[in-house]
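**Q** Provided below for reference: sequence and predicted model.
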Amino acid sequence: MALKYDFIIAGSGLAGLSLLHQLLSNKSLSQKKILVIDSAKKNLNDRTWCFWEKEPGPFESLVCHAWDTLQFFSPKVTKEFQMKEYRYKMIQSGDFYSQVLDLAEQHPQVVFIHDEIQSIQEEQAGASVQTTQERYLADYVFNSTAIFNPKMDEGNTLLQHFMGWFIKTDTPVFTSGVATLMDFTLSQQHGATFMYMLPTSPTEALVEYTLFSPRVLEKEEYVQALENYIEKNLHIHHYEITHQEFGIIPMSKAKFQASIGPQQRIINIGTAGGHTKPSTGYTFQFVQKQVAKIAQRLEAGDSPLVEPTWREKMFLWYDMTLLDVLMSKSLTGEQIFSHLFSKVDPERILAFLANESGFWEEFSIRNAVPQAPFITSGMKVLFQ
Ligand SMILES: Cc1cc2nc3c(=O)[nH]c(=O)nc-3n(C[C@H](O)[C@H](O)[C@H](O)COP(=O)(O)OP(=O)(O)OC[C@H]3O[C@@H](n4cnc5c(N)ncnc54)[C@H](O)[C@@H]3O)c2cc1C
């Protein structure tokens, strides 16, 4: 007979551990019996998460650097702007995993299992998870593995792929309060291509070569682009690479399901639940909002399924439209972002990309980009 838990968290990456943190921080949920299953032990610093927010968030103590001034560059636009409401923040995933795992250690009713999940299915009044070794039961399963992901291919998905180097220089060269969100002054032959640069001290910065395109490049091409940029654009000739990251984030028009099965006992969270913003790849903040709502609903005795509001559906339509414009190549990423940053207050663009803008901001954003391609794509995705 399989052991029954209140909740199973299937996948303990960003979304799984953010949810666990919410549950354990909530008085009325912190004693629930929780099983966390992941094939990997989360003990590596495998990614750097950046995001922007107005108020301190649940992981404020982990923010290792924050910026209030951002830059945007393209061949036609140079913009530096100081944010009044938002701050751009960085968290190392290694610090995040350790903090949540340390918190879980204080809760003996939270059990961790390292095993490959093979299937997840609904049962009578609950759901089950089958791993290579065992079958487990729970009232609800929160899934962030790719098991239920929709089919993604070149017809519906662009890849955001990037290689980032943390570099350290001998002499002070960086302004640590100023981050470069996008520098499009690079060859655009593969699709939208930009450098992203986050200085964390006068001698240290993360420099990331980022592309939105249908296919990843050969490793050598990222290396060459980073070397060129550091040498020719930043004029840095002596540096050490202290850490590296490589990532592929799907930017997809495919429909991710919020839940699986008629009883809604399997809830998808994180990227698997469609919480990676399709037009930017940012996920961290959207995950925090979703798991906070799940905890609120559980606390109130409601189903943890969070239905999107009509505003969220509207933002999804904007995302799909922008993605369609990029995929149909009616405008390039460099053109779209240059129009936006030359005509709109950049902080309003950030509010829009965080799904936090109001109607007037959206109106000015819609007016800032060439109308015909956006109307064509907007209509297309509406009737798809
Ligand atoms: C290098 C990198 C940098 C990023 N930077 C940012 C950023 O700056 N800002 C931002 O907002 N987003 C960023 N993202 C995107 C996004 O935040 C991350 O991908 C995030 O980790 C997604 O969270 P998740 O929980 O959905 O998936 P994950 O964190 O990938 O967690 C899924 C978990 O499921 C486990 N798993 C999968 N399949 C199985 C299985 N069959 N059995 C058992 N376990 C399984 C995996 O081991 C993993 O631990 C970045 C992504 C990458 C890769």
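**A** Happy to help now that I have it. Residues are numbered from 1 along each chain as shown.
**Q** name the residues of the chain found near the ligand, please.
**A** Proximity of the chain to the ligand, by CB under 6 Å from any ligand atom, involves residues 11-16, 37-40, 47-51, 116-117, 144-146, 245, 247, 249, 270-272, 281-284. The way it works is simple: take the backbone N, C-alpha and C, and place the C-beta from them, glycine included.
**Q** just the buried members of those residues?
**A** Buried members of the residues of the chain next to the ligand, counted by 16 or more other CB atoms under 10 Å: 11-16, 37-38, 47-51, 117, 144-145, 245, 247, 249, 270-272, 281-284.
**Q** for the closest residue to the ligand within the stretch 1-150 of the chain, which non-adjacent residue is closest in space?
**A** Of all residues in the stretch 1-150 of the chain, residue 13 sits closest to the ligand, at 1.9 Å by CB to the nearest ligand atom. For residue 13, ignoring the flanking residues on the chain, the nearest one in space by CB to CB, 6 or more residues apart in numbering is residue 144 at 6.1 Å.
**Q** which helices and strands does the helix or strand containing residue 292 pack with?
**A** If you go by DSSP states H and E, residue 292 is part of helix 284-299. With contacts taken as 3 or more CB pairs under 8 Å, 6 or more residues apart in numbering; DSSP states H and E, helix 284-299 sits against helix 14-24, strand 48-53.
**Q** check contacts around whatever residue of the stretch 201-350 of the chain ends up closest to the ligand.
**A** Of the residues in the stretch 201-350 of the chain, the one nearest the ligand is residue 270, at a distance of 2.4 Å by CB to the nearest ligand atom. Going by CB atoms under 8 Å, 6 or more residues apart in numbering, residue 270 touches 11, 13, 14, 15, 16, 144, 276, 283, 287.
**Q** run through the bridge partners of residue 73.
**A** Beta-bridge pairing for residue 73 (DSSP bridges): residue 78, residue 183.
**Q** surely it meets residue 181?
**A** No. Using CB atoms under 8 Å, residue 73 is not in contact with residue 181; the gap is 9.2 Å.
**Q** all helices for the chain, in order.
**A** Assigned by DSSP state H, the helices in the chain fall at 14-24, 93-105, 219-228, 284-299, 310-328, 333-343, 346-353, 359-368, 371-382.
**Q** just those helices: most buried one?
**A** Among these, helix 14-24 has the highest mean neighbour count (mean count of other CB atoms under 10 Å), at a mean of 25.
**Q** bridging residues for residue 9?
**A** The partner residues for residue 9, given DSSP bridges, come to residue 36, residue 142.
**Q** from residue 176, how far out is it?
**A** According to CB to CB, to the nearest Å, residue 9 and residue 176 sit 36 Å apart.
**Q** name the residue in the two with the higher neighbour count.
**A** residue 9 (27 against 16; other CB atoms under 10 Å).
**Q** now do the helix holding residue 292 against helix 14-24, angle only.
**A** 40 degrees (axes from the mean of the first three to the mean of the last three CA atoms, to 10 degrees).
**Q** residues in contact with helix 284-299?
**A** Contacts for helix 284-299 (CB under 8 Å, 6+ apart): 14-15, 18-19, 21-23, 26, 28-29, 49-53, 57-59, 91, 142, 267, 269-270, 273, 275-277, 303-306, 354-355.
**Q** try it again at 7 Å.
**A** With CB atoms under 7 Å, 6 or more residues apart in numbering as the contact definition, helix 284-299 has outside contacts at 14-15, 18-19, 22-23, 26, 28-29, 49, 51, 53, 57-58, 269-270, 273, 275, 277, 303-304, 306, 354.
**Q** do the same with stretch 323-336
**A** Contacts of stretch 323-336 (CB under 7 Å, 6+ apart): 74, 158, 184, 188, 192, 212, 251, 253, 278-279, 369-370, 373-374, 377, 380-381.
**Q** from those residues, list the buried ones, please.
**A** 74, 158, 184, 188, 192, 212, 251, 253, 278-279, 369, 373-374, 377, 381.
**Q** nearest to residue 317, out of the residues you listed: which one, please.
**A** Nearest to residue 317 among the buried ones among the contacts of stretch 323-336: residue 381, at 6.6 Å, using CB to CB.
**Q** pretty sure the closest one is touching residue 321, no?
**A** Yes. Counting by CB atoms under 7 Å, residue 381 does reach residue 321; the two are 5.6 Å apart.
**Q** coming back round to it: what angle sits between the helix holding residue 292 and helix 93-105?
**A** Using the same axes, to 10 degrees: helix 284-299 against helix 93-105 is 10 degrees.
**Q** then helix 284-299 to CSV, C-alphas only?
**A** Only the C-alpha atoms of helix 284-299 are listed here, as CSV (Å, rounded to 0.1, in the frame of the first residue of the first chain):
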residue,chain,number,x,y,z
PHE,A,284,11.2,34.1,-11.2
GLN,A,285,8.7,36.7,-10.3
PHE,A,286,5.8,35.0,-12.1
VAL,A,287,6.5,31.8,-10.1
GLN,A,288,6.5,33.7,-6.8
LYS,A,289,3.1,35.2,-7.6
GLN,A,290,1.7,31.8,-8.5
VAL,A,291,2.9,29.9,-5.5
ALA,A,292,1.7,32.7,-3.1
LYS,A,293,-1.8,32.4,-4.6
ILE,A,294,-1.7,28.6,-4.3
ALA,A,295,-0.8,28.9,-0.6
GLN,A,296,-3.6,31.4,-0.1
ARG,A,297,-6.1,29.2,-1.7
LEU,A,298,-5.0,26.1,0.3
GLU,A,299,-5.2,28.1,3.5
